[in-house]
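Trainee: Quick check, what structure comes out for this input:
(one chain, ligands or ions: 2)
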Amino acid sequence: MSTLETIAAKVSANQRISPEEALFLFASNDLLAIGNLAAQANERKNGKKVFFNVNRHINPTNICVNRCAFCAFSRTTGEPGAYTLAQEEICNRARGAEADGATEVHMVGGLHPDLPFEFYEETLAAIRKVAPKLHIKAFTAVEIDYFARITGLEIATVLARLKEAGLGSMPGGGAEILVEEVRQRICPEKISGQRWLEIIRQAHLAGLKTNATMLYGHVEGHADRVAHMEMLRNLQDETGGFQAFIPLAFQPENSDLKLDIKATSGLDDLKTLAIARIFLDNFDHIKAYWVMLGEKIAQVSLAFGVNDLDGTVVEEKIGHDAGAQSPQSLTKEGIISLIRKAGKVPVERDTLYRPIRTY
Ligand code: V47
Ligand code: SF4
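Mentor: Residues are numbered from 1 along each chain as shown. Ligands and ions are numbered 1, 2, ... in the order given. Next comes the predicted model:
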């Protein structure tokens, strides 16, 4: 039988905890004990360093053929609020980001029914031309699958062509909850969890680093969260290609899942981040995405095993269309101050976690 003592002994000895033990932690209300274990596991890997980057999000289009039930960002062609950015506008934003000191552009969007694959290749090449110093982190596994479907190309070919055009790495979106029964309820049109894992595996094999997210706080249970993280842990054992794990707190406004689902509690947010740190022993980085968590919980999470606060973001649509109360953007100075006040050492990083400057 699991007890906090047996789990604590494992964490101290740097041993892996089992899915049953992770479930035990979810059922426990001893948040401070769980947080202490997570802080211990984090300090062993990262000391007092907390990473952030200077980045800019660009969402080329919100038109999407999937229309996942939880997504307040997507639109159908012709619906009020539907948009598609011209390539020139995407380039202007990337150029502006580089001029403002960004090192990364994070670009993800809807599955557009009409844009050809070449649009995305050309956009990468155009960004590379106007902002050559920017690392381009773009396209979720869901978009990569869509490109393969609309072109009839193999996943490996799609990835190779995007890499050739300038793709540097991939974000971790589209994972939601990888357990099929949950996916059927929240995003039945989306690729399966197994397909998501397979595309990420291929990205890792192609030399592209990725992140992994987990959308929590909707219809899933604790066992689904643990099963999700176990699938990620297994793949990471195999490829080592994941950089950060990012739990995304569900924002319930304006989505078809709204029903009577309430925003996650601070306690659940902190527990989920801490258990992720303890369970995902083969992930170096656990990221608190301040957009979905709010600045205050993101700051407190630095005492609960988190070592990354994402970036400046600049213009955020996915969470804010769904009612996120956080600002659209944080300044670099704001992030540095937030980390310092938590007694940690702010380190600006590039997308691949190479330190740029320690503050
Ligand atoms: O895949 C959609 C999620 C994701 C909602 O890899 C929602 O560095 C909460 O993946 N409430 C996109 N979440 C964002 C994402 C991301 C963000 C920041 C950094 C990185 C990274 C990745 O947003 C989607 C979906 O899981 N999402 N709707 C919502 N209502
Ligand atoms: Fe489309 Fe992604 Fe929104 Fe689903 S989550 S509707 S795939 S933009």
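Trainee: Please count neighbours and contacts with C-alpha atoms only from this point.
Mentor: Will do.
Trainee: Contact residues of this protein facing ligand 2?
Mentor: By CA under 6 Å from any ligand atom, the residues of the chain that approach ligand 2 are 64, 66, 67, 68, 71, 73, 74, 109, 110, 111.
Trainee: Centre of the chain to the helix or strand where residue 96 lies, how far?
Mentor: Assigned by DSSP states H and E, residue 96 belongs to helix 87-99. Put simply, helix 87-99 sits 23 Å off its chain's centre (CA atoms, centre = their mean, to the nearest Å).
Trainee: And the contacts of that helix?
Mentor: Around helix 87-99, the neighbours that count as contacts under CA atoms under 8 Å, 6 or more residues apart in numbering are 55, 56, 58, 60, 105, 123, 126, 127, 130, 131, 133, 134.
Trainee: And stretch 141-156, by the same measure?
Mentor: So stretch 141-156 is in contact with 109-111, 116-117, 158-159, 172-174, 190-191, 196, 199-200, 202-203, 206, going by CA under 8 Å, 6+ apart.
Trainee: Which residues belonging to that stretch are considered buried?
Mentor: Counting neighbours by 16 or more other CA atoms under 10 Å, one finds that the buried residues in stretch 141-156 are 141, 142, 143, 144, 145, 146, 147, 148, 155.
Trainee: quick check, nearest of the residues you listed to ligand 1?
Mentor: Ranked by distance to ligand 1 (CA to the nearest ligand atom), the buried residues of stretch 141-156 are led by residue 142 at 8.6 Å.
Trainee: right, and the secondary structure at the closest one would be what?
Mentor: Here residue 142 is recorded as helix under DSSP: H, G, I helix; E, B strand; the rest coil.
Trainee: Quick one: the strands in the chain, in order.
Mentor: Shown for the chain, the strands assigned by DSSP state E span residues 49-53, 55-58, 104-107, 135-138, 210-216, 242-249, 285-286, 308-311, 345-349, 355-358.
Trainee: Pretty sure residue 267 sits against residue 30.
Mentor: No: the criterion here is CA atoms under 8 Å, and residue 267 misses it with residue 30 at 10.2 Å.
Trainee: related to what we said a few turns ago, I'd like the strands of the chain as a markdown table, with mean pLDDT appended.
Mentor: Shown next, in a markdown table, are the strands of the chain (pLDDT from 0 to 100):
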| stretch | mean pLDDT |
| --- | --- |
| strand 49-53 | 98 |
| strand 55-58 | 96 |
| strand 104-107 | 98 |
| strand 135-138 | 98 |
| strand 210-216 | 98 |
| strand 242-249 | 98 |
| strand 285-286 | 98 |
| strand 308-311 | 96 |
| strand 345-349 | 98 |
| strand 355-358 | 97 |
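Trainee: Tell me which residues touch residue 244, please.
Mentor: For residue 244, the contact set (CA under 8 Å, 6+ apart) comprises 210, 211, 212, 283, 284, 285, 286, 287.
Trainee: ok now do the fourth one, which residues does it touch?
Mentor: When the contact criterion is CA under 8 Å, 6+ apart, the partners of residue 283 are 233, 236, 242, 243, 244, 245, 277.
Trainee: and the closest residue to the fourth one other than its chain neighbours, how far is that from residue 323?
Mentor: Read that as residue 243. Nearest-residue entry for residue 243: residue 211, 5.3 Å, with adjacent residues in sequence omitted and distances by CA to CA, 6 or more residues apart in numbering. To residue 323, residue 211 is 24 Å away according to CA to CA, to the nearest Å.
Trainee: Pick out whichever of those two has more residues nearby.
Mentor: More neighbours sit around residue 211 than around the other of residue 211 and residue 323, counting by other CA atoms under 10 Å; the figures are 22 against 18.
Trainee: so the more buried one sits right up against residue 197, yeah?
Mentor: No: contact criterion CA under 8 Å: residue 211 and residue 197 do not qualify, at 11.7 Å.
Trainee: the helices in the stretch 151-300 of the chain, which residues?
Mentor: For the stretch 151-300 of the chain, the helices defined by DSSP state H, counting those that start in this stretch cover 155-165, 180-186, 193-205, 222-239, 266-279, 290-293, 295-300.
Trainee: So which of these is nearest ligand 1?
Mentor: Ligand 1 lies closest to helix 290-293 among these, at 6.3 Å (CA to the nearest ligand atom).
Trainee: I'd like the mean pLDDT over that closest one, please.
Mentor: For helix 290-293, mean pLDDT rounds to 95.
Trainee: tell me which residues of it are tucked away?
Mentor: Residues of helix 290-293 classed as buried: 290, 291, 292, 293 (neighbour count, 16+ other CA under 10 Å).
Trainee: Run through the neighbouring helices and strands of that helix.
Mentor: strand 242-249 (3 or more CA pairs under 8 Å, 6 or more residues apart in numbering; DSSP states H and E).
Trainee: tilt between the strand it packs on and helix 266-279?
Mentor: Between strand 242-249 and helix 266-279, the angle comes out at 160 degrees (axes from the mean of the first three to the mean of the last three CA atoms, to 10 degrees).
Trainee: what are the pairing partners of strand 242-249, and which direction each?
Mentor: Taking DSSP bridges as the criterion, strand 242-249 forms sheet pairs with strand 210-216 (parallel), strand 285-286 (parallel).
Trainee: Just send those strands back as a markdown table, with distance to residue 346 too.
Mentor: Listed next are those as a markdown table, based on distance: least, CA to CA, whole Å:
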| stretch | distance to residue 346 |
| --- | --- |
| strand 210-216 | 21 |
| strand 285-286 | 14 |
